[in-house]
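In: Sequence and predicted structure are below.
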There are 2 protein chains.
Amino acid sequence: MAQAIKIRQASSPLKASCHQCSLSNLCLPLAIEDNDLDRLEDIVQQGRIYSRGEHIFDQSTPFRSCFAVKSGSVKTSIITEGGEEQVTGFFMPGELIGLDSMSSDSYACTARALERTSVCEFPVGKLEELTGKLPELQHHMYHLMSQEIQNSHQLALLLSKNTAEERIASLLLSLSSRFQRRRMSPTNFSLPMARNDIANFLGLAVETVSRVFTRFQNQGIIRARGREVELLDIEALQLVTREFARQGCQS
Amino acid sequence: MAQAIKIRQASSPLKASCHQCSLSNLCLPLAIEDNDLDRLEDIVQQGRIYSRGEHIFDQSTPFRSCFAVKSGSVKTSIITEGGEEQVTGFFMPGELIGLDSMSSDSYACTARALERTSVCEFPVGKLEELTGKLPELQHHMYHLMSQEIQNSHQLALLLSKNTAEERIASLLLSLSSRFQRRRMSPTNFSLPMARNDIANFLGLAVETVSRVFTRFQNQGIIRARGREVELLDIEALQLVTREFARQGCQS
DNA sequence: CGTCCAATTTGATGCAAGTCAACTTGTTAC
DNA sequence: GTAACAAGTTGACTTGCATCAAATTGGACG
């Protein structure tokens, strides 16, 4: 713990270079013109490297910054009074964490690295100041936040209306398209999270997740060995996610 | 339909008075100082009155405005390709609708009046322009949007981890505190929505909702006749919502 | 004030997914 | 390399809620 603090202090003033960042077409820089990029670089801080399981921030601690994932991946979760955990999201490079905390003085969730992960840090005070000056950046913030609301509504839909198979198919497809956006293989990737996290996120028991994976595998839709996944038949997966809908309206 | 359009055009240029609005301590004006309130009044439009069931906006139509509920109440829902509906929220006076649509050119959900309802309309272009000039208003928008993300996460938690009784108890308590905020009775109110909407929102079957209501009634926790509800034992309700947690960690 | 349709309630039955338990496979550390 | 533990899989059994069906209430309207 003491060591972690020391490292953070040491690397904290490091300035990040958005100009050279390969994710600039996904992350906040996406919204701004080249000559305004400097102003974003002025406020962003190069975060430190987190190893697997380390907390980037903790629920109920003072809210200071939003974070963009540079490499690796992150899961966010909320903990209830009774100690129940609900995973609220998985974040991949180029995605922004902490937007759900902008209404309060403390973080609304806990973020922890799922693997070796590096982040960029945007102190929220400076960020708000800057979005007040750059309308496109403000617009982009609204965009990102409303996107997150939509995602969360989609999750609620998934949780309340869909079967285990449909939920898992949806998650696989979501991950697939997010890998593709980063110009990685949409059919052949390694899951950053454990079965346990998948189960928690999708409101299922671990055993159910496991069973569905093997079922999909037996049907030749995917191949899975531990966290390595290959989507053999994306159309079949898409069909699974719409299964429910198809039965609802036969016409 | 043609008539609806005519009415809207006729009443559209009407300016609303935030100064005199009794909800100004809940709504957007909450964030701004008195002398800036005029600028908000300049962009807000007095919306028309909607009768029960009427659509305030429709999913996939061009996104133009956010709306604040003045009186009455509103439900928002998303419709899937297959025609499945998922109610994503209930909105009461002073609350803002449309925040989930700010990422796109079209509305992400459909909003319809649950009863006779009046709204104020904030054209999104002008709103963004104004938040760029008034830092407190921008801050408040971030606040509201992040609040909505948190709400949605809470809903996901409810849907994935809680029993039917817990979900319904949570909803009743949420409504109760929202009535209280408006200085109305927190124990004695009339549900603005049908059992069907409650069921859909909470991911349950109508029959289950009905059964839980009668069970609560038999236990003396609530009294319910149709939409009229009286919370007889709020502490018992709170206990129900934590039931799950308590079993998880016995200590 | 009775008619008609929608909303709500109540009961009986079935099933998807949870739980419990045992086993297998991976991973970490020495 | 192997010990020791965590993560994942598989099977047997249980259960909360959905579904189906039918009865009851309530509200809109002529």
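Out: The structure has been received and is ready for your questions. Numbering: from 1, shown residues only, chains lettered A, B, ... in the order given.
In: Just give the nearest non-adjacent residue to the residue most central in space within chain A, would you?
Out: By C-alpha atoms, centre = their mean, chain A has its centre lying nearest to A:Phe91, at 1.6 Å. If the residues on either side of it in the chain are set aside, A:Phe91 comes closest to A:Val74, at 4.4 Å by C-beta to C-beta, 6 or more residues apart in numbering or on different chains. Every residue, glycine included, has its C-beta placed from N, CA and C.
In: Count the neighbours of that neighbour for me.
Out: A:Val74 has 24 neighbouring residues, counting by other C-beta atoms under 10 Å in any protein chain shown.
In: Repeat that for A:Ala164.
Out: 17.
In: need the contact list for A:Leu237.
Out: A:169, A:172-173, A:221-222, A:231 (C-beta atoms under 8 Å, 6 or more residues apart in numbering or on different chains).
In: which SSE is it in?
Out: Assigned by DSSP states H and E, A:Leu237 belongs to helix A:234-248.
In: Contact residues of chain A facing DNA strand D?
Out: Counting by C-beta under 7 Å from any atom of the strand, chain A comes close to DNA strand D at A:194-196, A:206-207, A:209-211, A:213-214, A:224, A:226-227.
In: And the strands in the stretch 101-250 of chain A, which stretches?
Out: Applying DSSP state E, counting those that start in this stretch to the stretch 101-250 of chain A gives strands spanning A:110-113, A:117-123, A:188-190, A:222-225, A:228-231.
In: list the buried ones in the last one?
Out: It stands for strand A:228-231. Within strand A:228-231, the residues that count as buried by 16 or more other C-beta atoms under 10 Å in any protein chain shown are A:229, A:231.
In: is that strand up against DNA strand C anywhere?
Out: No: contact of strand A:228-231 with DNA strand C (C-beta under 7 Å from any atom of the strand) is absent, the minimum separation being 8.9 Å.
In: and the residue in the stretch 51-200 of chain A that chain B sits nearest to, how far is that from B:Asn35?
Out: Using C-beta to the nearest C-beta, the single residue of the stretch 51-200 of chain A nearest to chain B is A:Gly82, 2.0 Å away. Separation of A:Gly82 from B:Asn35 (C-beta to C-beta, to the nearest Å): 47 Å.
In: quick one, which of these two is more surrounded?
Out: Taking other C-beta under 10 Å, A:Gly82 and B:Asn35 do not tie; A:Gly82 has more neighbours (14 against 7).
In: Was I right to think A:Val69 contacts A:Glu95?
Out: Yes: using C-beta atoms under 8 Å, A:Val69 is in contact with A:Glu95, at 5.5 Å.
In: the more surrounded of the two?
Out: A:Val69 (25 against 22).
In: right, so of the strands of the stretch 101-250 of chain A, which gets closest to B:Gln46?
Out: Among the strands of the stretch 101-250 of chain A, strand A:117-123 comes nearest to B:Gln46, with 38.1 Å by C-beta to C-beta.
In: Quick one: mean pLDDT for that closest one?
Out: For strand A:117-123, mean pLDDT rounds to 94.
In: Each with direction, which strands does it pair with?
Out: Partners of strand A:117-123 in the sheet, by DSSP bridges, are strand A:45-50 (antiparallel), strand A:65-71 (antiparallel).
In: The residue of the stretch 51-200 of chain A closest to chain B reaches B:Glu166, doesn't it?
Out: No: in this structure, A:Gly82 is not within contact of B:Glu166 by C-beta under 8 Å, at 11.3 Å.
In: who's in contact with the residue in the stretch 1-150 of chain A that DNA strand D sits nearest to?
Out: Ranked by C-beta to the nearest atom of the strand, the top residue of the stretch 1-150 of chain A for proximity to DNA strand D is A:Gly53, at 8.7 Å. Counting by C-beta under 8 Å, 6+ apart, A:Gly53 touches A:112-113.
In: Residues of the stretch 51-200 of chain A that sit close to DNA strand C?
Out: Within the stretch 51-200 of chain A, the positions adjacent to DNA strand C are A:163-165 by C-beta under 7 Å from any atom of the strand.
In: mind running it again at 6 Å?
Out: A:163-164 (C-beta under 6 Å from any atom of the strand).
In: which residues of the stretch 51-200 of chain A fall in helices?
Out: Here the stretch 51-200 of chain A has its helices, by DSSP state H, counting those that start in this stretch, at A:124-133, A:135-161, A:164-181, A:195-202.
In: closest one to A:Pro62 among those helices?
Out: Once those are compared by C-beta to C-beta, helix A:124-133 is nearest, at 10.6 Å.
In: doesn't A:Glu115 make contact with the residue nearest to A:Phe91?
Out: No: look at A:Val74 against A:Glu115 with C-beta under 8 Å: they stay out of range, at 9.2 Å.
In: Please parse chain A into its domains.
Out: Segmentation of chain A into domains, based on automatic domain parsing, reads A:2-158, A:163-248.
In: before we move on, the earlier item: okay, who's weakest in the residues of chain A next to DNA strand D by pLDDT?
Out: A:Gly226 (90).
In: what number of residues lie near that one?
Out: 9.
In: Also A:Phe213?
Out: A:Phe213 is flanked by 17 other residues according to other C-beta under 10 Å.
In: Repeat that for A:Val206.
Out: By other C-beta under 10 Å, 14 other residues sit near A:Val206.
In: Okay, the closest residue to it other than its chain neighbours and A:Phe213: tell me how far apart.
Out: Closest residue to A:Val206 apart from its sequence neighbours, by C-beta to C-beta, 6+ apart: A:Ala199 at 4.5 Å. The gap separating A:Ala199 from A:Phe213 is 11 Å, by C-beta to C-beta.
In: swap in A:Thr117?
Out: From A:Thr117 to A:Phe213 the distance is 25 Å (C-beta to C-beta).
In: Repeat that for A:Pro62.
Out: A:Pro62 is 40 Å from A:Phe213, by C-beta to C-beta.
In: Show me which positions of stretch A:212-227 end up buried.
Out: A:212-213, A:216-217, A:221-222, A:224.
In: pretty sure A:Arg39 contacts A:Leu134?
Out: Yes: contact criterion C-beta under 8 Å: A:Arg39 and A:Leu134 qualify, at 7.1 Å.
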